[in-house]
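Undergrad: predicted model and sequence below, questions to follow.
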Amino acid sequence: MLSEGRRTEEVTPGNRLSGRLATPDIRDEFGLETLDMNMGPQHPAMHGLLRLILELDGETVVRCDPVMGYLHRSKEKISENRMYPAVIPITDRIDYMNNMAMEYGYCLAVEKLLDVELPPRADALRALMNEFSRIMSHIPSIGFLMLELGAFTPILYAFRERERIQGIMEAVTGARMMFHYIRIGGVKADLPEGMPEKMWKYIEGLEQRFDNDFVDLIEGNEIFRARTRGVGKIAPEKAVEMGLTGVPLRCTGVEFDVRKHYPYGWYKNLDFDVVTDDAGDVEASYRCRIGEIRQSIRMIKQILENLPEGEVMGDTGRRLRPKEGDGIGRVESARGEYAVHVVSDGSDTPYRVHYRTPCMVNMQLLTEIVPGHYLPDIMAIMGLIDPVSGAWDK
Amino acid sequence: MPQLGQGILKGMGITLKHLFEKKVTRQYPEYKKQTYERSRGMLTVDMDRCIACLQCMRICPDHCISIEQTKRDADGSGKPKPYAVGFVIDDSRCMYCSLCVEVCPVNCIYHTEEFEVQAYNRLELARQFGERPVDPTIDPKPAVKKKKPAGKAAAGKSAEGKAAPKKAPRKAPKKEDAA
C-alpha cells in the first residue's frame, strides 16, 4: 500500500504514530537528505482532522502516509446501544456535509429487515431532499477546492448558495444541517404550504447563477487550469482496483452510480445521466461535480413536476422490533457509494451496524497518487477526493 | 486558444458585478435570521398536561430528560395516577432531534424558537420544570430490554458479550405518597 520510496524498513504502527520516519538512512545517491514533515491534523487548509506524514525531496513528495482517527467517536458502537429510530440522528453526523444520504442508507437497511411498504410520496420526498442535500455538498466542495488553490471568491458564492438551500431545508425538516428527516418507513413530515413553488423558483434561479458565478468564474481561469490539469491523474483500471466510488471513479471514465445501476426508491422513475469524464485528474473531478449538480437540478425539476399525492409514512407499528437477520442499504452519497449493514437479533436495538463510507476507501488515493507531485498539489488532490473527517473516522 | 489572462479578466468582471448587488450577509446579533414553523430550538414542557408516561425519557438518545415519577390523585377522581414531581431537561446534552416531541402522546413537550444557550457552568444548563428539582448529574439511562440470547445462535453470533448487562440500572423513582 505504501509507495516505493527510499525506505529500507517497514513502517509499523508504532513508529508511524510517533511521527518519525522509519528510514534510518535518508540520504540518496547524491548525498542529499529528504525531509519529513507533518501536515495536520490542525492544518488550516486540511479537510477536517487528517494528519499526513510526508517525506519531501525538495518540494516533491516522495511518500505520503495519512493518519486517521482524530475524529473517531465510535458511532458504530453507539448505534448498537440505541433503539432503531434513535440511531438516525447518529447517522446524520457521519458525513456532515451530505446528511440526507446517510439517513437514507440506514433507513433502507432497516426497512429491508421490516418488509415495510413505503407510500410513493415518501419515496419522492426522500429523493427530492436527497438531491438538495447533494447540491448542498457539491457546491462547497468546488468552493473548498478553489480556496485551497488560492482563490477566495468562489467559496463566498458557494456558501451563499448553501445558505439559501439551508433555509429551504430548515423550513422543511426543522434543522439546517442535522436534518433527521428520513424516518424508518417514510419521512418526518410533508412539505409545508407553498414549498414546491418556492423550491422551483430557487432551482431556476440557481441554474442561472450557477453559470455566472461558478462556470464563468472558474473554468476559463488560466491559474486554475495550470494548477489542476494533469494533477492527480488516476488510471481507470487503478481506480477500479482500489475500489473507488463516486466522483474519483467517475472522473476516470468508469460509469458507476448506485442510483442508476442499483436503483432504489424514487430513482427508478427519474431520467438522468451518469456524468463521467475521461481525464481522471483534478480538473475532471471539478467538471464531474458541475455536471452532477446540473443532473440534480434536472431531477429536482422532474420530481416537483409530478409529485405523487398521499401519505408520507408507512405502517411500521409503534415499537420497532425487526425480525432476526440482516439488511443492507446502498445509496449514492455525494462522495460515493455509502452502504449500511444492520444485523438484528430480534430486540429493539441493532445487534451490529456497519457503515461503509466512501471517504475511507477513497482516501487510499493519497498514498497512491500523491508521491511525485509537488507539496501544494496535495491540497488539489484533497479537493479531488473531497473527504469529510466525520465519515472516514466514523 | 484564448489569450493568456483573458479568463482572469473575465473572472474579475464577475466579481465586480457582484459588488453592486444586494448584500447577503446578516449582521448577526442585531439582525436575526428568520425562524420557521418547524425550526427546532430549545425544548420546553407544559407540566399541566404531562401524564408522566416516561416515553420521552426512554426514547431520548442522549439521556437528557430525567423524570421523577410518583402516584398522585391530581384531578380528584379518587384514583392515584402517575405524576411527574420532578422534570429536568439538560440542554448541555440535548441534540434537538425531536424524537421526544414525536413520541409524546399528549403533546406536552415541544420545541421553542430559542436557540441561543449559554452558561458559565454546565449544570446551569439543566432546566427544572417540576415542583421538586432532580439531580441532573445522575444519568437517567433507561433499561433497554434485550431478548434472551436463545435466538442469537440463529444469527450466527456468540451471545456472550451481548448478554451481559451493559447499562447501570436506572435510579429507581422514589416512592413517596403525596396523595
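TA: Structure's in. What do you need?
Undergrad: mind checking the longest helix of the chain?
TA: Defaulting to chain A. In chain A, with assignment by DSSP state H, the single longest helix is helix A:120-148.
Undergrad: hm, I was asking about chain B
TA: Longest helix in chain B, counting residues (DSSP H): helix B:6-19.
Undergrad: which SSE is immediately downstream of that helix?
TA: Using DSSP states H and E, the next helix or strand after helix B:6-19 towards the C-terminus is strand B:43-45.
Undergrad: who does whichever strand or helix holds residue A:103 touch, helix- and strand-wise?
TA: Taking DSSP H and E as the criterion, residue A:103 maps to helix A:99-114. When contacts are defined as 3 or more CB pairs under 8 Å, 6 or more residues apart in numbering or on different chains; DSSP states H and E, helix A:99-114 sits against helix A:88-92, helix A:120-148, strand A:182-183, strand A:325-333, strand A:336-344. Backbone N, C-alpha and C define where each C-beta goes, glycine included.
Undergrad: and that helix, what's its mean pLDDT?
TA: Taken as a whole, helix A:99-114 has a mean pLDDT of 91.
Undergrad: what of stretch A:254-265?
TA: Per-residue pLDDT over stretch A:254-265 has a mean of 90.
Undergrad: ok, and what's touching that stretch?
TA: Outside stretch A:254-265, the residues that touch it by CB atoms under 8 Å, 6 or more residues apart in numbering or on different chains are A:104, A:108, A:118, A:123, A:126-127, A:236, A:239-240, A:245, A:249-250, A:267, A:272, A:274, A:276, A:329-332, A:337.
Undergrad: residue B:111 - how many residues pack around it?
TA: 18 (other CB atoms under 10 Å in any protein chain shown).
Undergrad: now it, what are its backbone angles?
TA: Note on residue B:111: backbone dihedrals following degrees, to the nearest 10 are phi -90, psi 140.
Undergrad: which non-adjacent residue is nearest it?
TA: Residue nearest to residue B:111 in three dimensions, not counting chain neighbours: residue B:40, with 4.7 Å by CB to CB, 6 or more residues apart in numbering or on different chains.
Undergrad: same check on residue A:163?
TA: Leaving aside its chain neighbours, residue A:163 sits nearest to residue B:24 (7.4 Å; criterion: CB to CB, 6+ apart).
Undergrad: so what's the residue count around the residue of chain B found nearest chain A?
TA: Going by CB to the nearest CB, chain A is nearest to residue B:7 of chain B, at 3.3 Å. Residues near residue B:7, counting by other CB under 10 Å, number 20.
Undergrad: surely it meets residue A:221?
TA: Yes. Between residue B:7 and residue A:221 there is a contact under CB atoms under 8 Å: 4.4 Å.
Undergrad: the most centrally placed residue in chain A and residue A:246: what is the separation?
TA: Nearest residue to the geometric centre of chain A (CA atoms, centre = their mean): residue A:335, 2.7 Å. Using CB to CB, to the nearest Å, residue A:335 is found at 5 Å from residue A:246.
Undergrad: shared neighbours of these two, anything?
TA: With CB under 8 Å, 6+ apart as the test, residue A:335 and residue A:246 both reach A:358, A:362.
Undergrad: the nearest residue to residue B:37 once chain neighbours are set aside sits in which helix or strand?
TA: Distance criterion CB to CB, 6+ apart; nearest residue to residue B:37, sequence neighbours excluded, is residue A:192 at 6.9 Å. Per DSSP H and E: residue A:192 is located in neither a helix nor a strand.
Undergrad: what's the neighbour count on residue A:192?
TA: 13.
Undergrad: ok, it - contacts?
TA: Residues near residue A:192 by CB under 8 Å, 6+ apart: A:171-172, B:36-38.
Undergrad: which residue does chain A bring closest to chain B?
TA: When scored by CB to the nearest CB, chain A has residue A:220 as its residue closest to chain B, at 3.3 Å.
Undergrad: which of the contacts of residue A:192 are buried?
TA: The neighbour-count test (16 or more other CB atoms under 10 Å in any protein chain shown) marks A:171-172, B:36, B:38 as buried among those.
Undergrad: near chain B, which residues of the stretch 101-250 of chain A are found?
TA: Along the stretch 101-250 of chain A, the residues adjacent to chain B under the rule CB under 8 Å from any CB of the partner chain are A:153, A:157, A:160, A:163, A:167, A:170-175, A:178, A:180, A:189, A:192, A:212-213, A:216-225.
Undergrad: all helices for chain B, in order.
TA: B:6-19, B:55-59, B:99-103, B:152-155, B:160-163.
Undergrad: can I get those in TSV with mean pLDDT?
TA: Below are the helices of chain B laid out as TSV (pLDDT from 0 to 100):
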stretch	mean pLDDT
helix B:6-19	84
helix B:55-59	87
helix B:99-103	89
helix B:152-155	45
helix B:160-163	45
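Undergrad: show me the contacts for residue A:166.
TA: Contacts of residue A:166 by CB under 8 Å, 6+ apart are A:136, A:176-177.
Undergrad: quick one on the thing from earlier: need the pLDDT of the residue nearest to residue A:163.
TA: Value for residue B:24, per-residue pLDDT: 84.
Undergrad: equivalent analysis for residue B:143, please.
TA: For residue B:143, the predicted pLDDT is 52.
Undergrad: same question for residue B:96.
TA: pLDDT, residue B:96: 90.
Undergrad: equivalent analysis for residue A:303, please.
TA: With respect to pLDDT, residue A:303 has a value of 92.
Undergrad: for it, give its distance to residue A:75.
TA: For residue A:303, the distance to residue A:75 - CB to CB - is 30 Å.
Undergrad: could you do residue B:15 as well?
TA: Per CB to CB, residue B:15 is found 41 Å from residue A:75.
Undergrad: ok, those two, which is more surrounded?
TA: Legend: neighbour count by other CB under 10 Å for residue B:15 and residue A:75, higher for residue A:75 (18 against 15).
Undergrad: any weak-confidence spans in the chain?
TA: This is for chain A. Scanning chain A for pLDDT under 70 picks out the ranges A:1-32, A:45.
Undergrad: think we crossed wires, I meant chain B
TA: Along chain B, segments meeting pLDDT under 70 span B:1-3, B:139-179.
Undergrad: that older thread, of the contacts of stretch A:254-265, buried ones?
TA: Buried among these by 16+ other CB under 10 Å: A:104, A:108, A:118, A:123, A:126-127, A:236, A:239, A:245, A:249-250, A:267, A:272, A:274, A:276, A:329-332, A:337.
Undergrad: picking up where we left off before, of all the contacts of residue A:192, which comes closest to residue B:116?
TA: residue B:36 (16.7 Å; CB to CB).
Undergrad: which among the helices of chain B is found nearest to residue A:80?
TA: helix B:160-163 (8.5 Å).
Undergrad: ends of stretch B:116-131, how far apart?
TA: 25 Å (CA to CA, to the nearest Å).
Undergrad: say whether chain A is contacted by that stretch.
TA: No. With CB under 8 Å from any CB as the criterion, chain A is not reached by stretch B:116-131; the gap is at least 14.5 Å.
Undergrad: now that stretch: buried residues?
TA: Buried residues in stretch B:116-131, counted by 16+ other CB under 10 Å: B:125-127, B:129-130.
Undergrad: picking that back up, thought the residue nearest to the centre of chain A was touching residue A:249?
TA: No. Residue A:335 lies out of contact with residue A:249 (CB under 8 Å); the separation is 10.8 Å.
Undergrad: ok, residue 99 - contacts?
TA: Just so you know, I chose chain A. Counting by CB under 8 Å, 6+ apart, residue A:99 makes contact with A:91-93, A:133, A:177-179.
Undergrad: correction: the question concerned chain B.
TA: Contacts of residue B:99 (CB under 8 Å, 6+ apart): A:85-86, A:89, B:59-61.
Undergrad: now the residue nearest the centre of chain B: phi and psi?
TA: Per CA atoms, centre = their mean, the C-alpha nearest to the average position across chain B is that of residue B:94, at 4.0 Å. Note on residue B:94: its backbone torsions stand at phi -60, psi 140 [degrees, to the nearest 10].
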